[in-house]
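S.K.: Provided below are the primary sequence and the corresponding predicted coordinates.
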Amino acid sequence: MSATISWNLVASYYQDLPFGRDGLMTAQEPWSGNYVVESPIWITAHTTQFTQPGWKYLQTVGHLAHGGSYVALTDQRGNLTIVIETMTHDHSVCIRPPLLPYTVTAQRATFCLKGSFASISELQVWHSKFDFQVKKPVYFQKLSPVKVSNGSFTLDLDVDEVYTVTTITTGLKGNYPEPPPSSPFPKIYKDDFKVQHPDFSEAPDFADQTGVFEYFINETDPGPHVYTLRQVVTQRPITWVADADQTISVIGDYKWQNVTVSCDVYMEEENGGGVFVAARVDKGGGSVRSARGIFFWVFADGTYKVTSDLSGQSVLAEGQSGTRANIWNTLTLSVKGDNASGELNGHVLWKNAVGLVPKNGWAAIGTSSFQLAQFDNFAVQAE
């Protein structure tokens, strides 16, 4: 490893979003407290525990005779660290660039130390072994030191292994308490956003995909909506992927099928204002622009529509709602099997068959464009 970008350090987002579990650790269930210390954290330790900022890579780096590679680093004060890997092709593929074919087989490798390193008599050894067949890997295990004779030492290397041999003697595999057991997202969930002094600006469990939804103190409201969740981005940002033209924040269990989603909504834009609640949302991240599901929209011009896509193009139903800006309304979307219905302020506004939508997905809230809008008393109940 000559350089790496760990993106992201901790995967704390829904696993079915793009790049699920792509972190050194995974902590994606705040409702259960479960977390997983993933293998990349130990593989990273093969380098980071035995080097420091300022160490230099030696020019004597390269490939092993039967596949694999090695790099060597020094602090230029006599310490040496060599990191060796024998990862097979199919377990090394990254998103980009394409990885050219190569083979790795078990081998005996001899390393020769020269110059000031030739006087080293012993090296500490740390070892990791991925076991993709019986699923019993070994991560960051301290082995017996290897003796250096006449400036050389030999290691027997199997496939899918990582070794560190080093003069550094301070290596330590840390420990951590047993995490709480994993559990699915609660089937009954409510949030009234009544947080006077939040530790964070975002509400827990919501995952903003486009736009930003923040806690808001609505000082102009003397009634029950003083504390709300507000979408605050009012123009499309510069993006590096095909973000949606609408804002959306997803929440819940991607496996949900039959669900009722309810939320109080408040449009602040008189011209072009629009908000939605949704169920069975199937995409996020860089694919959010093509997200499908069941989206129940109301608009400040007094209309509503039901669509099977976030872009609002595939219309399942539409009509008059009487909704206006600067007035609170309650939207309720119920989905069961191939049927769905929507209520506005407790009265059924529409019923419709929705056979051509995803069979499962997240709940969601959002707006029809980058505009100010508020949400309160969010609730979801799944079967």
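M.R.: Happy to help now that I have it. Keep in mind that this is a model prediction, so the values were computed, not measured.

S.K.: which one in this protein is furthest away from the centre?
M.R.: N150 (49.5 Å; Cα atoms, centre = their mean).

S.K.: For V288, give me its contacts.
M.R.: V288 is in contact with Q209, T210, D243, A244, I248, L310, counting by Cβ atoms under 8 Å, 6 or more residues apart in numbering. Placement of C-beta: from N, CA and C, glycine included.

S.K.: same question but for D75, I mixed them up
M.R.: T51, Q52, G54, W55, K56.

S.K.: how much space is there between it and H197?
M.R.: D75 is 47 Å from H197, where distance means Cβ to Cβ, to the nearest Å.

S.K.: ok, back up a step: pLDDT score for the residue farthest from the centre of the chain?
M.R.: On the pLDDT scale, N150 is placed at 95.

S.K.: do the same with M1
M.R.: For M1, pLDDT reads 52.

S.K.: what does E318 give?
M.R.: On the pLDDT scale, E318 gets 96.

S.K.: Surely it touches Y304?
M.R.: Yes. The criterion here is Cβ atoms under 8 Å, and E318 meets it with Y304 at 6.6 Å.

S.K.: more neighbours, those two?
M.R.: Y304 (22 against 13; other Cβ atoms under 10 Å).

S.K.: hey, what's that one bridged with?
M.R.: Y304 has these beta-bridge partners by DSSP bridges: V298, G319.

S.K.: Look up how far P97 lies from it.
M.R.: In terms of Cβ to Cβ, Y304 sits 47 Å off from P97.

S.K.: Okay, now the sheet partners of the helix or strand containing L331, with direction.
M.R.: In the assignment (DSSP states H and E), L331 maps to strand 328-336. Taking DSSP bridges as the criterion, strand 328-336 forms sheet pairs with strand 259-267 (antiparallel), strand 339-344 (antiparallel).

S.K.: Of those strands, which is nearest N360?
M.R.: Checking these against N360 by Cβ to Cβ gives strand 259-267 as the closest, at 9.3 Å.

S.K.: how about the strands in the stretch 151-300 of the chain?
M.R.: 152-157, 161-166, 188-191, 207-210, 213-217, 227-231, 247-251, 259-267, 274-281, 292-299 (DSSP state E, counting those that start in this stretch).

S.K.: Now do the buried residues in the third one.
M.R.: With burial defined by 16 or more other Cβ atoms under 10 Å, the residues of strand 188-191 counted as buried are Y189, D191.

S.K.: how distant is that strand from the center of its chain?
M.R.: 22 Å (Cα atoms, centre = their mean, to the nearest Å).

S.K.: So what's the model's average confidence on that strand?
M.R.: Here the average pLDDT along strand 188-191 is 98.

S.K.: got a list of contacts for that strand?
M.R.: Strand 188-191 is contacted by residues A203, P204, D205, L229, I251, G252, N377, F378, A379, V380, Q381, A382 when judged by Cβ under 8 Å, 6+ apart.

S.K.: Check these against F185 and report the nearest one.
M.R.: F185 has its nearest neighbour among those in G252, at 5.3 Å by Cβ to Cβ.

S.K.: circling back to that earlier point, buried subset of the contacts of strand 188-191, written for ChimeraX?
M.R.: Here is the ChimeraX command that selects only those of the contacts of strand 188-191 that count as buried (16+ other Cβ under 10 Å):
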select :203,205,229,251,252,377,378,379,380,381,382
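
S.K.: Quick check: strands, which of the contacts of D75 are part of them?
M.R.: Using DSSP state E, the subset of those located in strands is K56.
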